[in-house]
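Participant: build the 3D model from these lines:
(2 chains)
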Amino acid sequence: MQQAKPKPGILDKRAEIIAGLQAILPERAVIGDNISLKPYETDGLSAYKQMPLAVVLPETEAHVVAIMKFCNLHGVRVIPRGAGTSLSGGALPMADAVVIGMMRMNKILDINYADRYAVVQPGVTNIAITQAVQDEQFFYAPDPSSQLACMIGGNVSMNSGGAHCLKYGVTANNLLGLRIVTIEGEILEIGGKQMDAAGYDWLGLITGSEGQLGILTEVTVRILRSPEGARAMLAGFASNEVAGQCVDAIISSGIIPVALEFMDKPAIHACEDFAHAGYPLDAEALLIIEVEGSETEQSEMLARIRDICAAYHPVSMRVSQTAEESAAIWKGRKGAFGAVGRISPDYLCMDGTIPTSELPNVLKRIQAMSDEYGLKVANIFHAGDGNLHPLIMFDANDAESFHKAEAFGADILKLCVEVGGCLTGEHGVGIEKRDLMSVQFTPSELDQQRRIKSAFDPAWLLNPSKVFPLSGLAAAE
Amino acid sequence: MMSPDTEDALAEIIRTASGPLLVQGNGTKAGMLRPVQASATISTANVAGITLYAPNELVMSAKSGTRLVEIEAALAKAGQQMICEPPHIHGENQTIGGIVGSNLSGPRRVTGGAMRDHVLGVRAVNGNGEILKFGGRVLKNVTGLDVGKLLTGSFGTLAVMTEITFKVLPVSEATGTVVLSGLDAVRGVAALSAGLGSPFSVSGAAYLPHEKKVFLRIEDFASSVKYRTEKLASQLAEFGAAAILDTDASKIFWRDVRDCKFLDDAPAMWRLSVVPSAGPAILAALAPLGVTGFLDWGGGLVNLSGPANEATHQAVCDAARAVGGMWWLMRAPDPLRTAVDVVPPEPPALAAIRARVQASFDPRGILNPGRLRAA
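Facilitator: Residues are numbered from 1 along each chain as shown, chains lettered A, B, ... in the order given. A predicted model of the protein is given here:
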């Protein structure tokens, strides 16, 4: 992956820039020595590494304003970072950029159950929001697999999804308001605590903008009352095609389960070895289906789903009988990436979305590519909404293996676009898919998006090497 | 009026336009927000027709001039529906482009999301006449900036949408409504909050001040609706004895809520979006001015009608602003709509960005100038 050229003169002024930041921030908020900077050189896409110029760790919105004004004045690039869990390299530093780490802004500022919202700082982890409201039986719905670590600021920036967004939607559908600091150091209040906002949908635009429009300092999320209960079932099938047809049949019947997950055989085996969830090892494809409601409602709904599955001759079908069993089923699914990490030294996690009817076709073609590249792949799929996660296994110590994995991944994403889907469903473009953007968008469509970025960030200082092919950055400068 | 038949022809008109254009579908929302001063009108009415419907993928695409009633009929035939149940407050000629362009949502918005939450992709022509496509037909997509959301609710001031792809959902097997009587607005919204804070997936939450009644809707399989309405009624026992509306009665009632049938035909109409608990105070503050209305979205949507004059409008804006809320002037004579802030003004820093974003789509400023704010 090609890196953007450092801005002329910035690297030479490194000591000056660090001193300047130290002058406006507490000592503990500025990191400038190479040993302490090392943990920031990469994120969840660890195949790419780059040491930053410096790291700043603001503790207040006023710190963020000061940092932005300083960087804007000196023309220094800024890379926002939450927990560093991005799988698309969204937080990958640049040699001439200051990383602004938001983890110290981690307070929950307000919780209101009557009006059903919580106001939090961007460094609060996803799970911490739910933990803060669960005694009142409330929860925050989007649940990315990294929810123990990932932060709400990163979730907003990437418009993160999760296994339960078939019913509850993605981050964008669960937000009410934001405060952001622009590169000029202006504080903007976006949305609020009410449901609809007048004027343009800035909330919708900023969500998923990958830190390119401003730095978040406050997030107002909707909180929801938890259902009475939830139960998962497993259905194993003799082929990917049949499992895909069964997904179609469930949705067509008018049932929208709260989650509908798909795993192919390599994924089933990797996850079972890791979680001992009782996944059927003789199945070619497995569906995890979860429903919510009272005990009776769960049973009725699962009975309907079992009837539908039965028509597709499952090789196994099992309804979870206890909370522990459901937890094990989800442990396997949510730990899928780690599970694959146990059987392969390295893997790339792809994230395309396809129309669900294309599933059998796409899986067949991914298998053919896997044979062609000589690299194994395990497929995990949010089947209800068409979001595919092929995990390509490779060995990072072997440069050729890595290049092959990258090319294989690119081919999968091109295939997703070709069948009517998109490059990324929930991980973001980041640096990983930057150069594929022209597969999905025409030059005028990319230019229109770049002009929107320029309206917020005229000098392209905010996370500028991500999302758009580098020619955009060059043109903006 | 120019009503091109194709996207290409529409793009050509915009490319070669020599001055401001009034952008509309069938013009049903012309009386809402500010009137546009333009020498020519361009309509999407003839760029019409459903282009894709995959019920098993919960997705439909339609050209922007397609009438909403046509879309709803096609969905109903397959047992599906628009999730946000758009209001029919502007008659039966409104187009899907108009609904998306104005981001108007009905009662299910309270838990099911707004129109903007269900737009998956758009095709649109910007002010340079460039045909652009953003998003797509899949349910999850974070590829690039979410321009579809930006265009939703932009009232044709950034680009002219030519095709919209949106998520749909099955119509529930049954609907039930829990009705609580004899509650003032404060108690009423407390009951709505308790209902929305229950585990029973309430999908509509309205309060009618003139009847002093609370309405909470459940939509699901028949057995679940029976179970949930009864449980909800018993959990809300502190608010009094509940009556329960069956599926047919519920559908009629919520259609009337959706279409604001509980507002009188006073010359001015407003829509306020506020925190739900603020709804009652707004009703109380405005009643002495002859402004009346009802609450939806658990108290968070205040639908109002009343006298059309600047003082009354100012009072409505002040009431919304006092609780950090938003307003839209939905109906008023042209002179009033021209003179006042029909939506909340922007702080200067945001206004500057907005102007640059607008220019990035429409550098000549020819698309619906002044529709949201005085130029």
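
Participant: skip the chain neighbours and tell me the closest residue to A:Leu205.
Facilitator: Closest residue in space to A:Leu205, ignoring its immediate chain neighbours: B:Leu150 at 4.7 Å, by CB to CB, 6 or more residues apart in numbering or on different chains. No exception for glycine: its C-beta is placed from N, CA and C like everyone else's.

Participant: any idea which helix or strand carries the one you found?
Facilitator: helix B:147-151 (DSSP states H and E).

Participant: any idea how many residues pack against B:Asp220?
Facilitator: Neighbours of B:Asp220 under the rule other CB atoms under 10 Å in any protein chain shown: 22.

Participant: now do the contacts for it.
Facilitator: B:172-174, B:201, B:228 (CB atoms under 8 Å, 6 or more residues apart in numbering or on different chains).

Participant: residue of chain B nearest chain A, please.
Facilitator: B:Lys149 (2.8 Å; CB to the nearest CB).

Participant: ok, now which ones touch that residue?
Facilitator: A:172, A:201, A:204-205, A:207, B:116, B:119.

Participant: for those residues, give me JSON lines that also has secondary structure and pLDDT.
Facilitator: As requested, these are arranged in JSON lines below (DSSP: H, G, I helix; E, B strand; the rest coil; pLDDT from 0 to 100):
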{"residue": "A:Ala172", "secondary structure": "helix", "pLDDT": "98"}
{"residue": "A:Asp201", "secondary structure": "coil", "pLDDT": "98"}
{"residue": "A:Gly204", "secondary structure": "helix", "pLDDT": "98"}
{"residue": "A:Leu205", "secondary structure": "helix", "pLDDT": "98"}
{"residue": "A:Thr207", "secondary structure": "coil", "pLDDT": "98"}
{"residue": "B:Arg116", "secondary structure": "helix", "pLDDT": "98"}
{"residue": "B:Val119", "secondary structure": "strand", "pLDDT": "98"}
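
Participant: of all these, which comes closest to A:Ser326?
Facilitator: A:Ala172 (27.7 Å; CB to CB).

Participant: need phi/psi at residue 55.
Facilitator: As the question left the chain open, I've gone with chain A. phi -120, psi 140 (degrees, to the nearest 10).

Participant: hm, I was asking about chain B
Facilitator: Residue torsions, per degrees, to the nearest 10, at B:Pro55 are phi -60, psi -40.

Participant: how about the helices in the stretch 51-200 of chain A?
Facilitator: A:61-74, A:126-133, A:152-158, A:165-168 (DSSP state H, counting those that start in this stretch).

Participant: out of those helices, deepest packed?
Facilitator: Compared across the helices of the stretch 51-200 of chain A, helix A:152-158 shows the largest average neighbour count, a mean of 30 (mean count of other CB atoms under 10 Å in any protein chain shown).

Participant: run through who's touching that helix.
Facilitator: Here helix A:152-158 has contacts from A:80-83, A:85-86, A:88, A:90-91, A:102, A:120-126, A:129, A:142, A:144, A:160, A:171, A:175, A:178, A:206-211, A:216, A:219, A:221, A:426-428, B:142, using CB under 8 Å, 6+ apart.

Participant: what segments of the stretch 101-250 of chain A are strands?
Facilitator: A:108-112, A:117-120, A:138-139, A:175-181, A:187-191, A:215-222, A:224-225, A:230-237 (DSSP state E, counting those that start in this stretch).

Participant: just the pLDDT for A:Gln448.
Facilitator: A:Gln448 carries a pLDDT value of 98.

Participant: host element of the closest residue to it other than its chain neighbours?
Facilitator: Once flanking residues are discounted, A:Gln448 sits nearest to B:Leu132: 5.7 Å by CB to CB, 6+ apart. Per DSSP H and E, B:Leu132 falls inside strand B:131-135.

Participant: pull up the pairing partners for that strand, direction included.
Facilitator: strand B:119-126 (antiparallel) (DSSP bridges).

Participant: quick check, A:Leu375 in a helix?
Facilitator: No: A:Leu375 is assigned coil when assessed by DSSP: H, G, I helix; E, B strand; the rest coil, not a helix.

Participant: any idea which of the helices of the stretch 51-200 of chain A scores lowest on pLDDT?
Facilitator: helix A:165-168 (a mean of 91).

Participant: what residues does the stretch 251-375 of chain B have near chain A?
Facilitator: B:273-277, B:297, B:300-301, B:324-328, B:343-344, B:346-347, B:349-350, B:353-354, B:356-357, B:359-361, B:372 (CB under 8 Å from any CB of the partner chain).

Participant: the same query, at a cut-off of 7 Å, please.
Facilitator: B:273-277, B:297, B:300, B:324-328, B:343-344, B:346, B:349-350, B:353-354, B:356-357, B:360, B:372 (CB under 7 Å from any CB of the partner chain).

Participant: and which of the contacts of B:Lys149 is nearest B:Phe215?
Facilitator: Nearest to B:Phe215 among the contacts of B:Lys149, with distances taken as CB to CB, is B:Arg116, at 24.9 Å.
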